[in-house]
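# Sequence below, structure please.
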Amino acid sequence: MYKILLVDDEILVRDAIRENIDWKSLDCELVGDCENGRQAVEFVQSHKVDVVLTDICMPYMDGMELSEFLHGEFEYAKKAIRYNVSEYMLKPVTAMELTKVLRNMKEKLDSRKKEQKKMESLSQTSKDYHKNVDVIRSKALETLVNCTRDVQVSLLELKKL
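Take a look at the predicted model:
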């Protein structure tokens, strides 16, 4: 389940989004809502969040400054891409539009998780292979030292390893 943080200075917008999105059907949980970027920074420092839905224009710290804090350095439209901003929507936004965006976001996150698991699995397979190579090399050396096999065969096997 993905943890979502909602950041918007308009309480009616936050309430509408909170109440009109079927979070469970999206495999998401709205873990918090903040009225500006400054509050959001405090929130993410003490809570695990997978996705931040943020307004751009807010007092104290706007959505782009929040994105900068969350993802590093900055430059505006290019900045949004660099900061992993995946969608840009204009208000007012309907529940259907936001649900569609959240579904797309979930698919992207699911895909990233799947790729990460593949990479971890490949890394483990590689480690296991290297352990096995060491065992095979050791056995080949043992047969050479103990003369339990033809010396030339043992030397060829070791050369391959």
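# Please enumerate the helices of this protein.
11-20, 37-46, 63-71, 77-82, 95-146, 151-160 (DSSP state H).
# Tell me the confidence at residue 107?
For residue 107, the model assigns a pLDDT of 88.
# What distance do you get for it to residue 99?
Residue 107 sits 13 Å away from residue 99, going by CB to CB, to the nearest Å. Yep, even glycine has a C-beta here, placed from its N, CA and C like the rest.
# the more surrounded of these two?
Taking other CB atoms under 10 Å, residue 107 and residue 99 do not tie; residue 99 has more neighbours (16 against 10).
# Can you get me a residue count around residue 9?
Neighbours of residue 9 under the rule other CB under 10 Å: 18.
# Next up, the contacts around it.
35-36, 55, 57-59 (CB atoms under 8 Å, 6 or more residues apart in numbering).
# in this protein, what secondary structure element scores lowest on mean pLDDT?
helix 77-82 (a mean of 50; mean pLDDT, DSSP states H and E).
# Which pair of the contacts of residue 9 spans the longest distance?
Using CB to CB, these span at most 12.5 Å, a distance reached by 35 and 57.
# With neighbour numbers in mind, choose between those two.
Higher neighbour count among residue 35 and residue 57: residue 35, with 18 against 10, using other CB under 10 Å.
# Angles on the backbone of the nearest residue to that one once chain neighbours are set aside, please.
With sequence-adjacent residues excluded and distances taken as CB to CB, 6 or more residues apart in numbering, residue 35 is closest to residue 9, at 5.1 Å. Phi and psi for residue 9, reported as degrees, to the nearest 10, are phi -80, psi -10.
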